[in-house]
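Visitor: attaching a predicted model along with its sequence, questions to come.
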Amino acid sequence: MPVNIPDLLPAKSLLEAENVFVMGESRAVTQDIRPLRILILNLMPLKIKTETHLLRVLSNTPLQVEVELLFTSTHTPKNTPKEHLISFYKTFEEVKDRHYDGFIITGAPVELLDFEQVTYWKELSEIMEWSKTNVTSTLHICWGAQAGLYYHYGIPKHELSSKLFGVFEHYVNDPTEPLVRGFDDVFWAPHSRYTEVRRSDIEKVDDLILLSDSVHAGPYLMLSKDRSQVFVTGHPEYDKFTLDEEYQRDQKKGLKTPLPENYYLNDDPGEKALVRWRSHAQLMYSNWLNYYVYQSTPYEWS
């Protein structure tokens, strides 16, 4: 089954061009099936790109997935057309009385700010509290993972001496956990961030399982023991060109961003990028949808 998205969402035509199976809402309503309802809180500035990244990895499942998009009302996005937000996004006020099978909180380029300094932190805190009763499983990505670990467990983030940027090897600590079912013992994942969470802080929290980490990138996958909260410190949803676009953007701004590691052929930005993470990204999202959402959510919320 495909991911079910609005007929006019730009991601639909982009994914169809890649031969990704998506279904417009006009066709989906004719099928007698109860789809998984997934809410995405998109905090990234380039929202249309992020929509495409996430819908791509959510599409590789036999389950029908119905996606709704959410943005914070306490922050006005500057890089997404207002018409796009009006057409495809909802505010928390519009969804707070609903229940969702799964929820994704994206990253955001605010990691060098203290959490309480982020303009929408109060609203995000309210949303994360709401997720504990209205969502079966919540998946937090990059800064969203740091924000979730801080809100739910008081785990701080720490500034790095330089940007962690590139594609890094990771290790599976417990191959029997369904989220990493089918993973190789060593796999690759992209990171792009200036801050980190530390293993020593995570290990102090009895409710957290450190499922995967990296020598270079630190803790990668963490779970609450009831699997209702999942934290991913990297960006497995990134497409082939995302790190290159970030690197070229930073260069034009005059930033001293390092070359993304393990990304360009021969470490040459003039050469092609090597995708080392795609299969494990697809597998992780499919496992999350199947084992932590579909297998756990009630057929009807009461």
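Guide: Sure, I can see it.

Visitor: where do the strands of the stretch 51-200 of the chain begin and end?
Guide: All strands of the stretch 51-200 of the chain, identified by DSSP state E, counting those that start in this stretch, fall at 65-70, 89-90, 100-105, 135-141, 158-172, 186-196.

Visitor: possible to save those as CSV with distance to residue 13?
Guide: Backbone N, C-alpha and C define where each C-beta goes, glycine included. Compiled in CSV, those are given as follows (distance: least, Cβ to Cβ, whole Å):
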stretch, distance to residue 13
strand 65-70, 16
strand 89-90, 19
strand 100-105, 22
strand 135-141, 24
strand 158-172, 28
strand 186-196, 25
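
Visitor: look up how far residue 126 lies from the residue minimising distance to the centre of the chain.
Guide: Nearest to the mean C-alpha position of the chain, counting by Cα atoms, centre = their mean, stands residue 141 at 3.9 Å. Distance, residue 141 to residue 126, using Cβ to Cβ, to the nearest Å: 19 Å.

Visitor: if we can go back for a sec, out of the strands of the stretch 51-200 of the chain, the one nearest residue 268 is which?
Guide: Nearest to residue 268, of all these, is strand 158-172, at 14.0 Å by Cβ to Cβ.

Visitor: need the CA coordinates for the closest one. PDB is fine.
Guide: Extracted in PDB, the C-alpha atoms of strand 158-172 (Å, rounded to 0.1, in the frame of the first residue of the first chain):
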ATOM      1  CA  HIS A 158      26.200  20.000  24.500                       C
ATOM      2  CA  GLU A 159      27.900  22.200  21.900                       C
ATOM      3  CA  LEU A 160      30.500  20.600  19.700                       C
ATOM      4  CA  SER A 161      33.900  22.100  18.900                       C
ATOM      5  CA  SER A 162      32.900  22.000  15.200                       C
ATOM      6  CA  LYS A 163      30.000  20.900  13.100                       C
ATOM      7  CA  LEU A 164      29.300  17.200  12.900                       C
ATOM      8  CA  PHE A 165      28.800  16.800   9.200                       C
ATOM      9  CA  GLY A 166      28.800  13.800   7.000                       C
ATOM     10  CA  VAL A 167      27.900  10.100   6.900                       C
ATOM     11  CA  PHE A 168      29.200   7.900   9.700                       C
ATOM     12  CA  GLU A 169      29.300   4.300  10.800                       C
ATOM     13  CA  HIS A 170      26.900   3.100  13.500                       C
ATOM     14  CA  TYR A 171      26.600   0.000  15.500                       C
ATOM     15  CA  VAL A 172      23.600  -2.000  16.700                       C
END
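
Visitor: for that strand, packing partners?
Guide: Contacts defined by 3 or more Cβ pairs under 8 Å, 6 or more residues apart in numbering; DSSP states H and E place strand 158-172 against strand 186-196, strand 208-214, helix 242-252.
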